[in-house]
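[1] everything below, folded, please.
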Amino acid sequence: MTSRLDDELRRLVGAGVLRIYQADALRAAAEADAAAARAEAVAGQTPLGRSDRLERPDSGAGSSNRSGRPSRLERLEPPNGGQSREEPVRRTQAVDRRKGSALIEILGYIGGVLLLGAVGLLTVANWSLMGRASRISTAVVSAVVLLAAAAVVAYLRDRAQPSSALAALGACTAGFATSVIIPDAPGRVIGVVVALVTAGLGLWLLRGTSLLVATFAILSVGVFELVFDVIDTTGGRSDTAGLAGVGFIVVAGILAALGQVRDRVTAWSLSGAAAFSSSMCWLVQDRGELMALAVGTAGSAALLLAYARHRAPAYVVAGCSILLVVWPTSLYRLTGNVAGVAIGLLIASSALIATVIVLARRAR
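    Numbering: from 1, shown residues only. Next up is the predicted model:
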């Protein structure tokens, strides 16, 4: 039964129905129930060595055991073949509630996107005509409205996804409002800090994946702000791309750590995206091809190992996408020979495919 349960949970996780932490919780609950049932069976052994669950219903007095109580089999199994009459009704009601919940979320997303589109269009079209006070009030009001809406939705409806989406937009808008209030480079740096703190509070209070995406975006902006507004203020350094690559490695580590406490698939996939960004930065840096190849290979290997352990298709997509771009580009930059790199990749691909075929035949 455990194997069938694991297979079904892996299938649901792969289909996107369940998250990894939800499947782990269900598996832990099933194991706890099984352990409790085994302990109850051992505690209920009769002097003859047979469990009460195996006694016939007509043994003793009526359908009770020797102590006059119903047997465990009768207590555990409801009538009608182990399925209560109310269970189909409950399942139908649960399906209807899920459909209604999905419809409400979809309509909320569409309404929010249209509202943001209208506000963004009006703001961008009139931004150059606004005074400083108008710009500050527009940015601050937008951030307050989004964060307040996230708090109201989380409190009244207890919906993690819509509230986290609103909180993510509110965190980014709060950072933008800070950069409007405080001009120039200090405002941009402080705005990144404000947005990151707001997103961190949202991640602590909510469990939606939107805040992870917002955190990745804010950290990415923070890397460039740190490099170009704090470290290289004069624009005279030649290693800024490498410094950005190091920053994205740190971002990848942060997101990998967040995957231990929040949505693992999303966090680790974004960690792979950060590794890919680091590789691109190293490719821009002079003589950074080896570092780009190393970072891209390490990120892809980590994602593929995560897929081998957790069977989430997103890991394969992210890992293979990194290899698809980083390896050919880095090898070409190192050798300068397009034909040689292509032939080498074809040989390596053929060897791997042949190995897969041989191993698949042996596994039969």
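
[2] check which element follows the host helix or strand of L107 along the chain.
    Assessed by DSSP states H and E, L107 sits inside helix 86-126. Proceeding N to C from helix 86-126, the next assigned helix or strand is helix 132-156, under DSSP H and E.

[3] list the contacts of the next helix or strand after that next one.
    The element immediately downstream of helix 132-156 (helix or strand, assigned by DSSP H and E) is helix 160-181. Here helix 160-181 makes contact (C-beta atoms under 8 Å, 6 or more residues apart in numbering) with 105, 108-109, 112, 116, 135-136, 139-140, 142-143, 146-147, 149-151, 153-154, 157, 187-188, 190-192, 194-196, 198-199, 202, 206-211, 213-214, 217-218. C-betas here are computed from N, CA, C, even on glycine.

[4] ok, G170 - how many residues close by?
    For G170, the count of nearby residues is 26 (other C-beta atoms under 10 Å).

[5] the helix or strand in which I347 is found - contacts with which helices or strands?
    Taking DSSP H and E as the definition, one finds I347 inside helix 338-363. Helix 338-363 makes packing contacts with helix 313-335 when contacts are defined by 3 or more C-beta pairs under 8 Å, 6 or more residues apart in numbering; DSSP states H and E.

[6] quick check: angle from the helix it packs on to helix 338-363?
    Angle, helix 313-335 to helix 338-363, by axes from the mean of the first three to the mean of the last three C-alpha atoms, to 10 degrees: 140 degrees.

[7] buried sites along helix 313-335?
    Neighbour-count burial for helix 313-335, with 16 or more other C-beta atoms under 10 Å as criterion, is recorded at 314-316, 318-319, 322-323, 326-327, 329-331, 333.

[8] can you check stretch 288-296 too?
    Residues 288-289, 291-293, 295-296 are the ones in stretch 288-296 that count as buried (16+ other C-beta under 10 Å).

[9] returning to what we had before: which pair of the buried residues of helix 313-335 spans the longest distance?
    Largest separation among those by C-beta to C-beta: A314 and R333, giving 28.5 Å.

[10] residues near R4, how many?
    Neighbours of R4 under the rule other C-beta under 10 Å: 8.

[11] report the inter-axis angle for the helix or strand harbouring it versus helix 313-335.
    Assigned by DSSP H and E, R4 belongs to helix 2-14. Angle of helix 2-14 versus helix 313-335, following the same axes, to 10 degrees, is 60 degrees.

[12] from G296, how far out is the closest residue to F276 other than its chain neighbours?
    Spatial nearest neighbour of F276, excluding adjacent residues (C-beta to C-beta, 6 or more residues apart in numbering): I322 at 4.9 Å. Separation of I322 from G296 (C-beta to C-beta, to the nearest Å): 5 Å.

[13] overlap in contacts, these two.
    Both I322 and G296 are in contact with 275-276, 279, where contact means C-beta under 8 Å, 6+ apart.

[14] select the helix or strand of this protein having the lowest average pLDDT value.
    The weakest-scoring helix or strand in the chain, judged by mean pLDDT, DSSP states H and E, is helix 72-76 (a mean of 45).

[15] got phi/psi on R19?
    Here is the backbone geometry of R19 (degrees, to the nearest 10): phi -90, psi 170.

[16] and for D263?
    phi -60, psi 110.

[17] burial count for it?
    D263: 20 surrounding residues under other C-beta under 10 Å.

[18] tell me the gap between stretch 124-138 and the middle of its chain.
    Counting by C-alpha atoms, centre = their mean, to the nearest Å, stretch 124-138 is centred 36 Å from the centre of its parent chain.

[19] tell me which residues of that stretch are tucked away?
    135, 138.

[20] let's see the distance spanning that stretch from one end to the other.
    11 Å (C-alpha to C-alpha, to the nearest Å).

[21] contacts only, for R132.
    Shown in contact with R132 (C-beta under 8 Å, 6+ apart): no residues.

[22] how about a cut-off of 10 Å?
    180-181, 183 (C-beta atoms under 10 Å, 6 or more residues apart in numbering).

[23] go on, V119?
    The contact partners of V119, taken as C-beta under 10 Å, 6+ apart, are 138, 141-142, 145.

[24] using a markdown table, lay out the buried residues of stretch 288-296 together with secondary structure, pLDDT and distance to W268.
    Shown next, in a markdown table, are these (DSSP: H, G, I helix; E, B strand; the rest coil; pLDDT from 0 to 100; distance: C-beta to C-beta, whole Å):
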| residue | secondary structure | pLDDT | distance to W268 |
| --- | --- | --- | --- |
| G288 | coil | 90 | 25 |
| E289 | helix | 92 | 26 |
| M291 | helix | 94 | 22 |
| A292 | helix | 94 | 21 |
| L293 | helix | 94 | 21 |
| V295 | helix | 95 | 16 |
| G296 | helix | 93 | 16 |
